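>>> After the sequence you'll find the predicted model.
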Amino acid sequence: MKKLSWFNKVVFACNIVVTVLTFVAYILPFLAPKMFPLLSVLTLILPLFLILNGLFFIYWLLQLKRQVMLSGLILLLGITFINKFYKFSSNDIEKEEKDFTVMSYNVRLFNLFDWIKGRNVGETILTFINEQNPDILCIQEYSENAKVDLRVYKYKAIFMEGNHIKTGQAIFSKFPIFNQGDFKIPEAGNNIIFADIKKGKDTIRVYNIHLQSIKISPDVNEIEEHVEAINQSKSQQVFTRIRDAFKKQEQQAEILVNHKKECHYPLIICGDMNNSPFSYIYRNIKGNMHDCFEEAGKGFGQTYRFKYYPARIDYIFADKKMKVKSFSSFSQFENSDHFPIMTRLSFIE
């Protein structure tokens, strides 16, 4: 440290702070948010910490300084986290007749309230779904008031609430649904529904989840416009809102995990988790299932339309009894604040 210039001493001090925060973020997926609700916010920006550590690593490496070991070690420890953020290669296995496809899509009420101007968004979404033709379709923020006709699906499980505008979630299937239900979770926004589906000789339970939103604007410009006006009180309100959302998500996740323990069928879990793949919520719900993006995706796998940051908060998890043969995130299809995702699966014989 003594041999460093004053500038490098400042850089190394910043390096230490970032490294400590990164290490804390590594631990948080193993700790329930109710224990450290405000610290859990760090899991949302873990990719930023990984990028900063990468820059520090390059900076010290170019100078052949031993300080390179600090960020090098933290990056080595977090190599599994990097795989959740970015996939360098995809795994697209040849299609077979036994395969089936599953799509998850938060459609934002099919643009019922005209958030996107000048387009017939509902019909565009319907055309897209018909073109992709998934065998099982899980929709979050579904509303029959939008009058989008999905009659191609013979079987459906739809659960909605509301007085004038009914909204909720839906599971559509080309295979018979013989059992269905939803979770009534008090004081928590959104919901979880499920359907038991018969595919030939196999039975599948599909969960469609939409966890409590943390209500962060998808437009960074909107955040920047309010930066100057923000004060300590408003900042505290933002953290309080995120803290409370994480607590409610934890409650929803625990109910789901306990419910699926009683199921003896192979599982598929789809939906909008409103949380990152570095979170306790993600780890708890995923359990030992496949994250279909990690198995067969490529790139960032962005599922939420957030400027300058490729957020992945929508997931499809598949049972270990299934093989993930392909995965797609349609980030070019901007007809909601979320992007549709789809996977192709088959049972392991």
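Structure's in. What do you need?

>>> Every contact and neighbour count from this point should use C-alpha atoms.
OK.

>>> Checking Tyr105 next. Helix, strand or coil?
Recorded secondary structure, Tyr105: strand (DSSP: H, G, I helix; E, B strand; the rest coil).

>>> what's the burial count for the nearest residue to it once chain neighbours are set aside?
Excluding the flanking residues, the one nearest Tyr105 by C-alpha to C-alpha, 6 or more residues apart in numbering is Pro340, at 4.5 Å. A count of nearby residues for Pro340, using other C-alpha atoms under 10 Å, gives 29.

>>> and Pro340, backbone torsions?
Main-chain dihedrals, Pro340, degrees, to the nearest 10: phi -70, psi 150.

>>> That one touches Ser329, doesn't it?
Yes. Shown here, Pro340 and Ser329 form a contact pair, counting by C-alpha atoms under 8 Å, at 6.2 Å.

>>> For the chain, which segments count as helices?
6-27, 46-62, 68-77, 79-85, 121-132, 220-225, 232-261, 280-286, 292-296 (DSSP state H).

>>> rank those by pLDDT, which is bottom?
In terms of mean pLDDT, the lowest-scoring of the helices of the chain is helix 220-225 (a mean of 40).

>>> so how far is Trp6 from the residue nearest to Ile192 when sequence neighbours are not counted?
With C-alpha to C-alpha, 6+ apart as the criterion, Ile192 has its nearest non-adjacent residue at 4.5 Å, and that residue is Ile209. Per C-alpha to C-alpha, to the nearest Å, Ile209 is found 52 Å from Trp6.

>>> In terms of neighbours, single out the busier of those two.
With neighbours defined as other C-alpha under 10 Å, Ile209 and Trp6 compare such that Ile209 has more, 30 against 11.

>>> what are the bridge partners for the more buried one, then?
Ile209 has these beta-bridge partners by DSSP bridges: Ile192, Gly271.

>>> Next, the contact list for it, please.
Gln140, Asn191, Ile192, Ile193, Ile269, Cys270, Gly271, Asp272, Met273 (C-alpha atoms under 8 Å, 6 or more residues apart in numbering).

>>> Kindly report the same for Arg66.
Contacts of Arg66 (C-alpha under 8 Å, 6+ apart): Trp60.

>>> and it, how far is that from Leu75?
Applying C-alpha to C-alpha to Arg66 and Leu75 gives a distance of 15 Å.

>>> excluding its backbone neighbours, what's nearest Ala170?
Nearest non-adjacent residue to Ala170 (C-alpha to C-alpha, 6+ apart): Ile158, at 4.3 Å.

>>> Find me the pLDDT at Glu94, would you?
Looking at Glu94, the pLDDT reads 84.

>>> what's the answer for the one 4 residues further on, then?
According to the predicted model, the pLDDT of Lys98 comes to 93.

>>> Also Phe306?
pLDDT, Phe306: 83.

>>> Can you report how many residues neighbour it?
17.

>>> Could you list which residues are in contact with the residue nearest to the spatial centre of the chain?
For the chain, Ile313 is the residue whose C-alpha lies nearest the centre (C-alpha atoms, centre = their mean; 1.9 Å). Residues counted as contacts of Ile313 (C-alpha under 8 Å, 6+ apart) are Asp272, Met273, Asn274, Asn275, Ser276, Pro277, Thr303, Tyr304.

>>> tally of neighbours for the first one?
To tie it back to what came earlier, the one meant is Asp272. Applying other C-alpha under 10 Å, I find that Asp272 has 26 neighbouring residues.

>>> wouldn't it be in contact with Asp314 here?
Yes. Using C-alpha under 8 Å, Asp272 is in contact with Asp314, at 4.4 Å.

>>> hang on, the earlier thing: how about the contacts of Ile313 in JSON lines, adding distance to Lys174?
Output for the contacts of Ile313, formatted as JSON lines (distance: C-alpha to C-alpha, whole Å):
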{"residue": "Asp272", "distance to Lys174": "22"}
{"residue": "Met273", "distance to Lys174": "25"}
{"residue": "Asn274", "distance to Lys174": "28"}
{"residue": "Asn275", "distance to Lys174": "30"}
{"residue": "Ser276", "distance to Lys174": "31"}
{"residue": "Pro277", "distance to Lys174": "30"}
{"residue": "Thr303", "distance to Lys174": "25"}
{"residue": "Tyr304", "distance to Lys174": "27"}
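
>>> Show me which pair in these is furthest apart.
Spatial extent of the contacts of Ile313 (C-alpha to C-alpha) is set by the pair Pro277 and Tyr304 at 13.0 Å.
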